[in-house]
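S.K.: Here's a sequence, model it:
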Amino acid sequence: MRMRNKYRKPTTLRCNAGTRCSFPVLVWSLVGCLLMLHLYSLVRHKDGVGGEIQTHMDHHHHLFRELEEVEEEDIQIPPPKGKRSPRAAKRRPKRPTTLIDEFLDESSQLRHVFFPDEKTAIHPMKDAMNDSFYYYPGRIWLDTDGNPIQAHGGGILYDEKSRKYYWYGEFKDGPTYRAHKKAAARVDIIGVGCYSSKDLWTWKHEGIVLAAEETDETHDLHKSNVLERPKVIYNEKTGKYVMWMHVDDANYTKASVGVAVSDSPTGPFDYLYSKRPHGFDSRDMTIFKDDDGVAYLIYSSEDNSELHVGPLNPDYLDMPHVMRKILVGQHREAPAVFKYQGTYYMITSGCTGWAPNEALAHASESILGTWETMGNPCIGGNKVFRQTTFFAQSTFVLPLPELPGSFIFVADRWNPADLRDSRYVWLPLTVGGAADQPLDYNFGFPLWSRVSIYWHKRWRLPYMRTENK
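M.R.: Numbers count the residues shown, from 1 in each chain. Model prediction:
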C-alpha cells in the first residue's frame, strides 16, 4: 500500500478536516477494520476475555456439556425383498435405495426405527420417576389422558398470566388420503389442538380451540380445505390472544393466511378472515414477536422461491404495506425465528413436500434487513441424519429463559403414509462459537455465533433433574 501511494499528494492519504480520503484507502481500511473486529471476537471467544461473555459461556457449558456430546447413528438399509428377474432389471435399472426412500416407504423394514410403536410411547403419568422429563425424539408422545399429542406444525406460547406453556398445532387425528391421484397426502381439517404445561414435558389437552367448519363449503376452514402451522401470540395492549395460520384449498391454490382471536389462551378462537399478505401467495409461515412488542409475519411466497417478512399492526389483526423479500431464489420454507443478544436467527427447510431435507440457519442484525445463510446447524447422528434435519422439519424454536443462549428446536417428523402418526422431534439448540460458513457479501465469517442443533436419542433439560420431583 505504501509503494502504491508513494507519489501521491499527502492530502489524498490523510482524512483531516477539509481534505478528501482516497477511495481505495477507505475500502481497504474498512476491510482491515472488519478483519480486526472478527479476529478480536474470536480471540475473546477462545481466551474468555470479558467477564460477561466468560460467565455466560461457563454457565452454558456447565449445564449443557453433556448435551453437546452428541450421539451417532448407524442405520443400515435392509436388503431388497425377494429377487428381481435379470430380464426385468435389464429393462428398468433402479437407482440405489436411500434412507430417505426407506423413510417414505410404508412397507420398509426400517419403519420401526423412524416411527417406534406404542410400546415405547412417552407417558408422563406412568413413567418412573428416574425416567421423567426425558425427550425421546420420534417416539409417540402422550398427553395426560394417555392419548397421542396432536399439535403438528405448531408453536408454543408462554403465558405470563397463567404461568403455563401452551402448545398449539394441527389436530390430524383423521384418515390420510389424497384429493386426487397427484395430490399431496392430507387429512381433513379437524381444527387447532391446544395443550398446556408447566414443565414442557407433561401436557394436558385443552381441547380444539379453533374447530373446522362442517357444513359451509365456502368457509376457509371447511373440513375439505387446509389449515397448517398455527401460531399464537399475546397482545398486551388489547388483552387478546391472536392466532395466525396458513389456510388453503385442497390443491394449495388459495395460498393465504388466516387470523383468529380469543380472550383466553385455551380459546375458543373466533375466526376473522383470510387474505394474501401484501398481495402475495403465502404458504408455510410463522409469527415472531419482538422484545419491543412489534410482531412480524414471515411466510414462503412466489411459489416457495423466497420468504417475505413484514410487521403486523399494533392490534396484530392485520398488517401495513411494509414488507421485505429475503432468501430470494433459495426455495426455503418452514421458517422458525428466534432472537439472541440482538441478533435475529432463523431455521428453514428446503421444499420437498413430506420428504425430509437439509435445514439451514440464517441470521440478520435486523429482522427487515439482509439475512445471511450460515449453513447446516445439525450436529450428530450421521451424514444422512444431518442432511435430513434428523428426518424432521422445523416449526418453532422455543427460548429457555433459565439458560441464556439455549433453546429447544421443535420439529415434525412427518409420516405421509399416516399423517396422524407424525411424530415430534425436540432437540437442544444453542447459540455459541464461531460460524462455520462465510457470508456471501463479506470477506470472512460473520461476527455472530453459530447455531447448533444436537442429536440425541434421549435427553432432558439440565434443570429438570432437581425440579418437579
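S.K.: can we go C-alpha only for contacts and neighbour counts from here?
M.R.: Will do.
S.K.: distance of residue 283 from residue 176?
M.R.: 20 Å (C-alpha to C-alpha, to the nearest Å).
S.K.: Revised request: answer the last question for residue 242.
M.R.: Taking C-alpha to C-alpha, one finds residue 242 at 29 Å from residue 176.
S.K.: Which of those two has more residues huddled nearby?
M.R.: residue 242 (23 against 18; other C-alpha atoms under 10 Å).
S.K.: And that one, what's its pLDDT?
M.R.: The per-residue pLDDT reported for residue 242 equals 98.
S.K.: One more: residue 426?
M.R.: 98.
S.K.: tell me which element it is part of?
M.R.: Here residue 426 is covered by strand 423-434, with elements defined by DSSP states H and E.
S.K.: Output the contacting helices and strands for that strand.
M.R.: strand 406-413, strand 449-454 (3 or more C-alpha pairs under 8 Å, 6 or more residues apart in numbering; DSSP states H and E).
S.K.: element containing residue 101?
M.R.: Going by DSSP H and E, residue 101 is in helix 99-104.
S.K.: Quick check: buried residues in stretch 209-217?
M.R.: Residues of stretch 209-217 classed as buried by neighbour count (16 or more other C-alpha atoms under 10 Å): 209-213.
S.K.: all helices of the protein, in order?
M.R.: 23-47, 51-68, 86-91, 99-104, 111-114, 383-387 (DSSP state H).
S.K.: Need the residues that contact the strand holding residue 426.
M.R.: 42, 45, 67, 115, 135-141, 152, 340, 392, 405-415, 447-456 (C-alpha atoms under 8 Å, 6 or more residues apart in numbering).
S.K.: Select only the buried ones of the residues you listed in PyMOL?
M.R.: If you want just the buried ones from the contacts of strand 423-434 in PyMOL, going by 16+ other C-alpha under 10 Å, the selection is:
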select buried, resi 45+67+115+135+136+137+138+139+140+141+152+392+405+406+407+408+409+410+411+412+413+414+415+447+448+449+450+451+452+453+454+455+456
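S.K.: ok, residue 145 - contacts?
M.R.: 204-205.
S.K.: Mind pulling up the pLDDT for it?
M.R.: Looking at residue 145, the pLDDT reads 96.
S.K.: what do you get for residue 339?
M.R.: 96.
S.K.: Touching, it and residue 362? I think so.
M.R.: No - here residue 339 does not reach residue 362: they are 11.4 Å apart, not a contact under C-alpha atoms under 8 Å.
S.K.: can you list residues touching both of those two?
M.R.: Shared contacts of residue 339 and residue 362, counting by C-alpha under 8 Å, 6+ apart, come down to residue 345.
S.K.: phi, psi of residue 133?
M.R.: The phi/psi pair for residue 133 (degrees, to the nearest 10) reads phi 70, psi 20.
S.K.: repeat for the one 4 residues further on
M.R.: When read as degrees, to the nearest 10, the backbone of residue 137 gives phi -50, psi 130.
S.K.: Compute the number of surrounding residues for the nearest residue to it once chain neighbours are set aside.
M.R.: Closest residue to residue 137 apart from its sequence neighbours, by C-alpha to C-alpha, 6 or more residues apart in numbering: residue 425 at 4.4 Å. Applying other C-alpha under 10 Å, we find 24 residues neighbouring residue 425.
S.K.: circling back: in the helix holding residue 101, what's buried?
M.R.: Buried-residue list, helix 99-104, by 16+ other C-alpha under 10 Å: 99, 102-104.
S.K.: Quickly list what residue 381 is bridged to.
M.R.: residue 72 (DSSP bridges).
S.K.: For residue 141, give me its contacts.
M.R.: 121-123, 148-149, 423-424.
S.K.: any chance of those in a markdown table, with distance to residue 348 too?
M.R.: Formatted as a markdown table, the contacts of residue 141 follow (distance: C-alpha to C-alpha, whole Å):
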| residue | distance to residue 348 |
| --- | --- |
| 121 | 28 |
| 122 | 28 |
| 123 | 30 |
| 148 | 26 |
| 149 | 24 |
| 423 | 18 |
| 424 | 17 |
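S.K.: Most neighbours among those residues, which one is it?
M.R.: In the contacts of residue 141, the most neighbours by other C-alpha under 10 Å go to residue 149, 28 neighbours.
S.K.: who touches residue 152 in this structure?
M.R.: 169-172, 229, 412, 422, 424.
S.K.: actually residue 179, not the one I wrote
M.R.: Contacts of residue 179 (C-alpha under 8 Å, 6+ apart): 185-186, 250-251.
S.K.: cool, residue 344 as well?
M.R.: Residue 344 neighbours (C-alpha under 8 Å, 6+ apart): 337-338, 363-367.
S.K.: Report the beta-bridge partner residues of it.
M.R.: residue 339, residue 364.
S.K.: Where among the helices and strands packed on strand 423-434 is average confidence lowest?
M.R.: Averaging pLDDT over each of the helices and strands packed on strand 423-434 puts strand 449-454 lowest, since it has a mean of 91.
S.K.: re the thing from before, among the contacts of residue 179, which are located in strands?
M.R.: 185-186 (DSSP state E).
S.K.: Mark which of the contacts of residue 179 are buried, thanks.
M.R.: Judged by 16+ other C-alpha under 10 Å, buried ones among the contacts of residue 179: 185-186, 250.
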